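Asker: coords below, sequence missing:
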């Protein structure tokens, strides 16, 4: 049986000996804590660290973030993925300036209502910045608790979320909530890792139900398997003199509000005959005297959380502009990097233009 009264103290003791030195741990500034928490959603610490430093240098406070335009915010987010996070950060900063005079709210009930901030992030900010007794529940914490208590309830069900929230709160140190939350998250990230954790040297092994029952590798449990869909993108990198063309993805879809080359999406990657026979292709290049396909870059596979993108880039040279091309954003080859683009676009540009 897990001794609840011992868990927090053991976690904090382990944390003091093993924690990583990270810039957002040396501050009680809710803005910096907020930015770090949003960056670290779906992002590993070693990848997110440089983004955090660069983001804070450009947007050192709420007002600077609110005053920026969304394109610039997305540009500083470029490469992190899950761009909704950046758009929500920007919206929330504008809201804080409007409703709270630019001062981050101190109450959990107000924090949790900000755009893009759920219960976990609100708990993290409340505890780390204001030492409020709200337990955090991220993927690392779910794993630690499921193993400690031997919980086989799926973590992705409403019943499971309530059960884990209750357990997380039950082991929280009321006197040191910030310390406890940092400790249990770090413990999950470094010690109680998903695969092959070092259970023999774990300070909680004798109170861990999963270790006792030899079920460590089976926990936590998920009930829902994410359905992955395939999509096929035929990008047209159109050259006219020293310029090319971009468009903004305005639909509520992947990479919303990022920029890309003109795109023909299909149910498979087109060969050149299929591409030139496509009605969208014909319309795009109508009334252009010469359309010369220079080459097609080998297809690229780009994996997102719920989708796999198969993309090819077709490099095309045109002799003149038509009215349709004039509706795109015309930019010089050397200024493409001023626009916020997806990692897929970035990989192509790095290989072909640099």
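Answerer: Happy to help now that I have it. This one's a predicted model, so the numbers in the text were calculated from it and none came from an experiment.
Asker: Near residue 155, how many other residues are there?
Answerer: 20 (other C-beta atoms under 10 Å). For the C-beta atoms, the positions are set from N, CA and C on the backbone; glycine is no exception.
Asker: Could you measure from it over to residue 304?
Answerer: Distance of residue 155 to residue 304, computed by C-beta to C-beta, to the nearest Å: 22 Å.
Asker: In contact with the nearest residue to residue 96 once chain neighbours are set aside: list those residues for me.
Answerer: Spatial nearest neighbour of residue 96, chain neighbours left out: residue 62 (5.3 Å); criterion: C-beta to C-beta, 6 or more residues apart in numbering. Counting by C-beta atoms under 8 Å, 6 or more residues apart in numbering, residue 62 makes contact with 31, 93, 96-97, 102-104.
Asker: Now, of these, which are buried?
Answerer: 31, 93, 96-97, 104 (16 or more other C-beta atoms under 10 Å).
Asker: So which of those belong to helices?
Answerer: Among the buried ones among the contacts of residue 62, the ones falling in helices (DSSP state H) are 31, 93, 96-97.
Asker: closest to residue 255 among the residues you listed?
Answerer: Closest to residue 255 out of those is residue 93 (21.4 Å), distances taken as C-beta to C-beta.
Asker: Just the buried residues of stretch 327-336, please?
Answerer: 328, 331, 336.
Asker: Those into CSV, with extra columns for pLDDT and secondary structure?
Answerer: Putting the buried residues of stretch 327-336 into CSV (pLDDT from 0 to 100; DSSP: H, G, I helix; E, B strand; the rest coil) gives the following:
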residue, pLDDT, secondary structure
328, 98, coil
331, 97, strand
336, 93, helix
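Asker: Relative to the whole chain's centre, how far out is stretch 184-201?
Answerer: 23 Å (C-alpha atoms, centre = their mean, to the nearest Å).
Asker: Tell me if I am right that residue 308 is in a strand.
Answerer: Yes - per DSSP: H, G, I helix; E, B strand; the rest coil, residue 308 lies within a strand segment.
Asker: okay, now it: neighbour count?
Answerer: Residue 308, neighbours per other C-beta under 10 Å, totals 13.
Asker: give me every residue that touches it.
Answerer: Neighbours of residue 308 in contact, by C-beta under 8 Å, 6+ apart: 228-231, 301-302.
Asker: Can I get the buried part of the residues you listed as one ChimeraX selection?
Answerer: To isolate the buried members of the contacts of residue 308 in ChimeraX, using 16+ other C-beta under 10 Å:
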select :231,302
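Asker: Of the contacts of residue 308, which is the nearest to residue 258?
Answerer: Scanning those for proximity to residue 258, where the rule is C-beta to C-beta, the winner is residue 302, at 13.3 Å.
Asker: For the buried ones among the contacts of residue 62, which two are the farthest from each other?
Answerer: So, the buried ones among the contacts of residue 62 by C-beta to C-beta: farthest apart are 31 and 97, at 11.8 Å.
Asker: Adjacent strands (with direction) for the helix or strand that residue 294 is a member of?
Answerer: Residue 294 is part of strand 291-296 when elements are defined by DSSP states H and E. Here strand 291-296 has these sheet partners by DSSP bridges: strand 307-318 (antiparallel).
Asker: How is this protein partitioned into domains?
Answerer: 4-218, 229-352 (automatic domain parsing).
Asker: Looking at those domains, which one is packed in the most?
Answerer: domain 4-218 (a mean of 18; mean count of other C-beta atoms under 10 Å).
Asker: gap between it and the chain center?
Answerer: 14 Å.
Asker: what does the average pLDDT come to for it?
Answerer: Average pLDDT, domain 4-218: 96.
Asker: likewise stretch 268-275?
Answerer: 97.
Asker: cool, stretch 306-319 as well?
Answerer: 97.
Asker: part of a helix, is residue 245?
Answerer: No - Residue 245 is assigned strand when assessed by three-state DSSP, not a helix.
Asker: just checking, it touches residue 325?
Answerer: Yes - contact criterion C-beta atoms under 8 Å: residue 245 and residue 325 qualify, at 6.0 Å.
Asker: Give me the common contacts of those two.
Answerer: With C-beta under 8 Å, 6+ apart as the test, residue 245 and residue 325 both reach residue 238.
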